[in-house]
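Trainee: all I have is the shape, not the residue letters:
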């Protein structure tokens, strides 16, 4: 690592300039590197800060509290290369944490880190938002016409908006809200303070007995058919308590008696009546975690 003799641009250029920001607690992904001679063989060992009792300066290891997400780590200029250093099987860079004054090695391409800056000397303090003058800078925004692919979590403190499909094999968590056309999650969808709103509806085809699959969205439509005079609607995949479902019925010249069956708590059947114009009934439900409980239903809307 270069030493700054005097503060000019040339001296800045000789200083380690890349820094990283942690995207998750990193105590298990930053390491001390030590070497020793074992049976006349030079042996190298990487020890995570979380289990190290000889951190620099000495300590009892680190935790998610001392190594949180959002921490900026600056390169020191030290590198570990596979083949050149015993016990190293991937490229590692030396960094230091200005908050704890600890130093160690990280895999710069680990999923726990993102690039923070590659043009700022490591002795300059973390930046603040230039527009407000407050708040430590985090990472840069992403603007792309391509794909964003993640095998881990996507977490946002604001809105995540997509005009197309949003698919995850894991859990999608948003602190404020999610607005999307199609949202598919393998293990669950969680919103901390906001709501998940569907930009599309699911049509239910009349057949005498139909299923309202609550996992498909929150808006379901049904058009009365001349060939079906009585319909039973059963609900499946009832989701979290407090989730809302809307059932919109379009009428026609034939009347239909709609019975809300399994999975519903309702006030009674819905008899559409025969109408010369296409009208609408809207029935709203809220989930209690087991059933869809009727909240209200409108009169015929023309």
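Mentor: It's in. Everything quoted here is computed from the prediction, not taken from an experiment.
Trainee: contacts and neighbour counts: CA atoms only from here.
Mentor: OK.
Trainee: may I see the domains of the chain written out as residue ranges?
Mentor: 9-117, 155-198, 202-297 (automatic domain parsing).
Trainee: now the ones you listed as a markdown table including mean pLDDT?
Mentor: Shown next, in a markdown table, are the domains of the chain (pLDDT from 0 to 100):
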| stretch | mean pLDDT |
| --- | --- |
| domain 9-117 | 83 |
| domain 155-198 | 61 |
| domain 202-297 | 92 |
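Trainee: of these, which approaches residue 146 most closely?
Mentor: Proximity to residue 146 (Cα to Cα) singles out domain 155-198 among the domains of the chain, at 12.7 Å.
Trainee: is it true that residue 77 touches residue 92?
Mentor: No - between residue 77 and residue 92 there is no contact under Cα atoms under 8 Å: 10.8 Å.
Trainee: who has more neighbours out of the two?
Mentor: Using other Cα atoms under 10 Å, the more surrounded residue of residue 77 and residue 92 is residue 92, with 20 against 15.
Trainee: for the more buried one, which residues make a bridge with it?
Mentor: In this entry, residue 92 is beta-bridged to residue 80, by DSSP bridges.
Trainee: coming back round to it: want to throw the domains of the chain into TSV with distance to residue 144?
Mentor: Formatted as TSV, these follow (distance: least, Cα to Cα, whole Å):
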stretch	distance to residue 144
domain 9-117	17
domain 155-198	13
domain 202-297	28
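Trainee: of all those domains, which lies closest to residue 145?
Mentor: With Cα to Cα as the criterion, residue 145 lies closest to domain 155-198 of the domains of the chain, at 12.1 Å.
Trainee: how about the contacts made by residue 34?
Mentor: Counting by Cα atoms under 8 Å, 6 or more residues apart in numbering, residue 34 touches 44-46.
Trainee: do you know how far the closest residue to residue 261 other than its chain neighbours is from residue 256?
Mentor: Closest residue in space to residue 261, ignoring its immediate chain neighbours: residue 234 at 5.0 Å, by Cα to Cα, 6 or more residues apart in numbering. Residue 234 sits 16 Å away from residue 256, going by Cα to Cα, to the nearest Å.
Trainee: which of those two has more residues huddled nearby?
Mentor: Neighbours were counted for residue 234 and for residue 256 using other Cα under 10 Å; residue 256 has more, 22 against 16.
Trainee: now for the nearest residue to that one once chain neighbours are set aside: which residues touch it?
Mentor: In space, residue 256 comes closest to residue 229 once its chain neighbours are excluded; the distance is 4.5 Å by Cα to Cα, 6+ apart. Contacts for residue 229 were tallied using Cα under 8 Å, 6+ apart; they are 208, 254-257.
Trainee: which among the residues you listed gets closest to residue 30?
Mentor: Nearest to residue 30 among the contacts of residue 229, with distances taken as Cα to Cα, is residue 208, at 61.5 Å.
Trainee: burial count for the closest one?
Mentor: Applying other Cα under 10 Å, we find 13 residues neighbouring residue 208.
Trainee: touching, it and residue 226? I think so.
Mentor: No - contact between residue 208 and residue 226 fails when scored by Cα under 8 Å: they sit 11.7 Å apart.
Trainee: ok, residue 283 to residue 230 distance?
Mentor: Relative to residue 230, and taking Cα to Cα, residue 283 is found at 17 Å.
Trainee: cool, residue 302 as well?
Mentor: 22 Å.
Trainee: of these two, who's got more company?
Mentor: A side-by-side neighbour count of residue 302 and residue 230, using other Cα under 10 Å, places residue 230 first with 17 against 11.
Trainee: the residue lying closest to that one once chain neighbours are set aside: how many residues sit nearby?
Mentor: Counting by Cα to Cα, 6+ apart, residue 257 is the residue found nearest to residue 230 once chain neighbours are left out, at 4.8 Å. For residue 257, the neighbour count with other Cα under 10 Å is 16.
Trainee: ranges for the helices of the protein?
Mentor: 9-13 (DSSP state H).
Trainee: show me what the closest residue to residue 242 other than its chain neighbours is bridged to.
Mentor: Setting aside the residues directly before and after it, residue 242 is nearest to residue 287 in space (Cα to Cα, 6+ apart), at 5.3 Å. Beta-bridge partners of residue 287, counted by DSSP bridges, are residue 292.
Trainee: same check on residue 232?
Mentor: With DSSP bridges as the criterion, residue 232 is bridged to residue 209, residue 259.
Trainee: got a list of what it touches?
Mentor: 208-210, 258-261.
Trainee: give the buried residues for stretch 87-104.
Mentor: Neighbour-count burial for stretch 87-104 flags 87-88, 92-96, 98, 102-104 (criterion: 16 or more other Cα atoms under 10 Å).
Trainee: can you list contacts of that stretch?
Mentor: Applying Cα under 8 Å, 6+ apart, the contact partners of stretch 87-104 are 30-33, 43-46, 55-57, 66, 71-83, 105-108.
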